[in-house]
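*Asks:* just need the structure, nothing else, for what follows:
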Amino acid sequence: MSSSDPKTRPKPVTRPPAPVPPSSWAKRTGFKPKFSGETNASDSGQIALPPRSRENENQPDLEAGRARPVPPVVNGEQPVSEKGPAEKDQSVKKRREADGTNKGSSAAAANGHTVNNGAAPQPQQPTRRPSRNEDVVDVLPQNVDDEGFVGRHSHMKYELRDTPGLVPIGLYGFQHYLSMLGSLILIPLVIVPAMGGTYEDTANVVSTVLFVSGVTTLLHSFFGSRLPLIQGSSFVFLAPALAIINSPEFRGLNGNNFKHIMKELQGAIIIASAFQALLGYSGLMSLFLRLINPVVVAPTVAAVGLSFYSYGFPQVGNCLEIGAVQILLVIIFSLYLRKISVLGHRIFLIYAVPLGLVITWAAAFLLTEAGAYSYKGCDTNIPSSNIVSEHCRKHVSRMKHCRVDTSHAFKSSPWFRFPYPLQWGTPVFHWKMAIVMCVVSIIASVDSVGSYHASSLLVSSRPPTPGVVSRGIGLEGLSSILAGLWGTGTGSTTLTENVHTIAVTKMGSRRAVELGACVLIVLSLVGKVGGFIASIPEVMVAALLCFMWAMLAALGLSNLRYSEAGSSRNIIIVGLSLFFSLSIPAYLQQYGISPNSNLSVPSYFQPYIVTSHGPFRTKYEGVNYIMNTLLSLHMVIAFIVAVILDNTVPGSRQERGVYVWSESEAARREPAVVKDYELPFRVGRIFRWVKWVGL
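*Replies:* Coordinates of the predicted model:
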């Protein structure tokens, strides 16, 4: 029987599909995502799906709810789309439809059927080549639930330039600011008592913080990055402020310690803010952006939250039945009840902090009125050293921290008070404190860069250009100058928690943030509002801060999603940065302290008195102050270690997750990007010649 017999003819061997070639930069670096076992990342900083073989590409994509498109084969190889930033612009309408009808209408044919959002197969339709706006690679998985950090645009109800009706704007604006309540008001509740201020001083500073936050948010929305980001007192400035407050020269002051220390803080903040404004408006920030990547931002921001562990639970422990219950309530609301919706809003997730505060405050008020914390003949206003009765000495701490009526701030606050600049007096300028704050302003800029990139992926057509980022940082410097003049005690910068709030509330319209800022300004003029906030018991403040600082640390680490989080290079860099950010300051803080020394400050403030006993003891007192203070700040150590390692250890752009900002020339040709970031009122035309601070 001949070999040509069809019964014995050997079957043709099916060749395996051609492997997907890596993109150009991956070829140069030799990166092979198919064998690396690490998460593939796109060049734009978003998480990309790993490459799949040919036979898997025409199967339905269960994550995106549609069939995977099969690109044509050219010369035996399957091309890979390498879209530059200039090819990714989409109109607002098509961005909204990306989550709905477009997913079904643009589904590719697979196995003779079209998969339409998981629905029943429809009759086969002729395939067509998708247009530029539809040919979008799903660089983020679509099956993520509530946090919304994934799926550009598809999960947002209102995007950057959307202008819904007045009622939705007011509702979402109020919801946006209420969810940020902890970040806005908690810092004055910590630093004012540390400066020796009264409850009335605390109320006045809280009103000032609300006023400055509203004004600076409006300025940033119109003349800064134009992203819907809230400006306010940042936790980045809290640690250096506490270090300055606990400086040796402020111990044993006679008279009003609060105003004296506040004027010193104002001077340091004004100089540091001027430096930050110069960094932004001079264009130096555009050069500095080359050193800032997710692997740098993640440990730096995380170290800000981790650095206050000595204050959190030690303060909660003063009244465990109040503080611990509040922490548990916030955890239950934000985690276990986060998917419960009421009228279409996940109130427990959005309002976890204010709900926990209201419930705990009400319970503490009832216990106080019922006499649970009342002891005969004991007065909380008497210093502990003057108490003679052993019975009162035993219970005075419990009375002071558990009762809710120890503060008289609400009763003594006026109904109307206008915060005005230089209300505490003329600022005092000291170069050593100013240098410390200048370094911290760089950390605040790094924090803001991460927020700009993350928020732009949620609400805008494309990330901003380096010039827009520089413009935003420059305006943040001017905003901090206003904070220094008005006397908030800290600088003003973008609140990192804002990105999480945008993702949860799905409100990306800048109009809602602007309306909320106007409401904030009005509330700041009502003195009773500041007095009411100032009357929050310290235990509840510490309990809220435990949650806020923990979330801040997690939000910092979440920046790693733009890089290869499983890369051994990134794991080592982030691990070293975080470990040394805790270990090196611990060494400085205990250096030179005798075991039996009797320190005059509370235990939770002892990490911030390192200037008096640090290892730097040269003949120049100012140099000792600067070095001992800076190296005792956790975020400074994390930033130094991360920026050195990330920019010296070899790694591909894909592995590092390098932030890719929009190119200026391409952005100016795209109407959507121009409308997103161009300055209003034709102000941008005046500064078009300043290319490094605009489109």
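
*Asks:* from now on I want contacts and neighbour counts done on CA atoms only, so please keep to that.
*Replies:* Fine.

*Asks:* residue boundaries of the helices in the stretch 101-250 of the chain?
*Replies:* Chain-ordered helices for the stretch 101-250 of the chain, with DSSP state H, counting those that start in this stretch as the definition, fall at 101-105, 166-179, 181-194, 199-223, 238-245.

*Asks:* and the third one with helix 199-223, angle?
*Replies:* If you take axes from the mean of the first three to the mean of the last three Cα atoms, to 10 degrees, helix 181-194 sits at 140 degrees to helix 199-223.

*Asks:* show me how far the longest helix seen in the chain is from its chain's centre.
*Replies:* Assignment by DSSP state H gives helix 431-459 as the longest helix of the chain. Centroid displacement of helix 431-459 relative to its chain, using Cα atoms, centre = their mean, to the nearest Å, is 10 Å.

*Asks:* which strands and helices sit next to that helix?
*Replies:* Here helix 431-459 touches helix 238-245, helix 257-281, helix 294-306, helix 466-486, strand 492-494, helix 497-505, helix 621-630, helix 634-648, going by 3 or more Cα pairs under 8 Å, 6 or more residues apart in numbering; DSSP states H and E.

*Asks:* mind listing what's buried along it?
*Replies:* Within helix 431-459, the residues that qualify as buried are 432-459, counting by 16 or more other Cα atoms under 10 Å.

*Asks:* least confident secondary structure element in the protein?
*Replies:* Across the helices and strands of the chain, mean confidence by mean pLDDT, DSSP states H and E is lowest for strand 109-110: a mean of 36.

*Asks:* point out where the stretch 551-695 of the chain drops to low pLDDT.
*Replies:* In the predicted model of the stretch 551-695 of the chain, residues 592-601, 686-689 satisfy pLDDT under 70.

*Asks:* same thing with the chain?
*Replies:* For the chain, the stretches flagged by pLDDT under 70 are 1-155, 252-256, 376-377, 379-391, 393-394, 592-601, 686-689.

*Asks:* center of it, which residue is that?
*Replies:* Residue closest to the mean C-alpha point of the chain, counted by Cα atoms, centre = their mean, is Thr496 at 1.6 Å.

*Asks:* contacting residues for that residue?
*Replies:* By Cα atoms under 8 Å, 6 or more residues apart in numbering, the contact list for Thr496 reads Asp447, Ser448, Ser451, Leu552, Leu555.

*Asks:* can we see that at 7 Å?
*Replies:* With Cα atoms under 7 Å, 6 or more residues apart in numbering as the criterion, the residues that contact Thr496 are Ser451.

*Asks:* pull up the gap between it and Leu457, please.
*Replies:* Thr496 sits 15 Å away from Leu457 when distances are taken as Cα to Cα, to the nearest Å.

*Asks:* do the same with Val522
*Replies:* Spatial separation of Val522 from Leu457 under the definition Cα to Cα is 32 Å.

*Asks:* likewise Ile473?
*Replies:* Using Cα to Cα, which is the criterion applied here, Ile473 is 18 Å from Leu457.

*Asks:* what's Phe308 sitting at in phi/psi?
*Replies:* Comment: the main-chain dihedrals of Phe308 come out as phi -110, psi 20, following degrees, to the nearest 10.

*Asks:* returning to what we had before: between the helices and strands packed on helix 431-459, which one is nearest to Ser179?
*Replies:* Comparison of the helices and strands packed on helix 431-459 against Ser179 by Cα to Cα identifies helix 497-505 as nearest, at 7.0 Å.

*Asks:* restricting to C-alpha, output that closest one in PDB.
*Replies:* Taking C-alpha atoms only, helix 497-505 is exported to PDB below (Å, rounded to 0.1, in the frame of the first residue of the first chain):
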ATOM      1  CA  GLU A 497      -6.900  59.600  51.500                       C
ATOM      2  CA  ASN A 498      -8.700  61.700  48.800                       C
ATOM      3  CA  VAL A 499      -7.900  59.100  46.100                       C
ATOM      4  CA  HIS A 500      -9.600  56.400  48.100                       C
ATOM      5  CA  THR A 501     -12.600  58.600  48.600                       C
ATOM      6  CA  ILE A 502     -12.900  59.300  44.900                       C
ATOM      7  CA  ALA A 503     -12.800  55.600  44.200                       C
ATOM      8  CA  VAL A 504     -15.400  54.700  46.800                       C
ATOM      9  CA  THR A 505     -17.800  57.600  46.100                       C
END
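
*Asks:* counting by contacts, list what it packs against.
*Replies:* Of the remaining helices and strands, those touching helix 497-505 by 3 or more Cα pairs under 7 Å, 6 or more residues apart in numbering; DSSP states H and E are helix 431-459.

*Asks:* got the angle for the helix it packs on vs helix 257-281?
*Replies:* Between helix 431-459 and helix 257-281, the angle comes out at 60 degrees (the same axes, to 10 degrees).

*Asks:* count of residues packed around Leu328?
*Replies:* 14 (other Cα atoms under 10 Å).

*Asks:* what's the answer for the one 3 residues further on, then?
*Replies:* Here the number of neighbours of Ile331 (other Cα under 10 Å) works out to 18.

*Asks:* now do the SS call for it.
*Replies:* Following DSSP: H, G, I helix; E, B strand; the rest coil, the label given to Ile331 is helix.

*Asks:* can I assume Thr611 is in contact with Leu631?
*Replies:* No - shown here, Thr611 and Leu631 do not form a contact pair, counting by Cα atoms under 7 Å, at 10.1 Å.

*Asks:* more neighbours: those two, which one.
*Replies:* Relative neighbour count places Thr611 above the other of Thr611 and Leu631, with 27 against 20, counting by other Cα under 10 Å.

*Asks:* look at that one and give its secondary structure.
*Replies:* From three-state DSSP, the assignment for Thr611 is helix.

*Asks:* contact partners for it?
*Replies:* Taking Cα under 7 Å, 6+ apart as the definition of contact, the neighbours of Thr611 are Ser247, Tyr625, Asn628, Thr629.

*Asks:* could you do Val209 as well?
*Replies:* Thr488.

*Asks:* and for His220?
*Replies:* With contacts taken as Cα under 7 Å, 6+ apart, His220 has the following neighbours: Arg226, Leu475.

*Asks:* please report how far it lies from Val469.
*Replies:* Plainly put, His220 is 12 Å away from Val469 if you go by Cα to Cα.

*Asks:* ditto for Val683
*Replies:* Following Cα to Cα, the distance that separates Val683 from Val469 is 17 Å.

*Asks:* with Ala503 instead?
*Replies:* For Ala503, the distance to Val469 under the criterion Cα to Cα works out to 21 Å.

*Asks:* tell me which of these two has more neighbours.
*Replies:* Taking other Cα under 10 Å, Ala503 and Val469 do not tie; Val469 has more neighbours (30 against 21).

*Asks:* correct me, but the more buried one touches Ser225?
*Replies:* Yes - taking contact to mean Cα under 7 Å, the distance of 6.3 Å between Val469 and Ser225 places them in contact.

*Asks:* SS state for Gly371?
*Replies:* The three-state label for Gly371, taken from three-state DSSP, comes out as coil.
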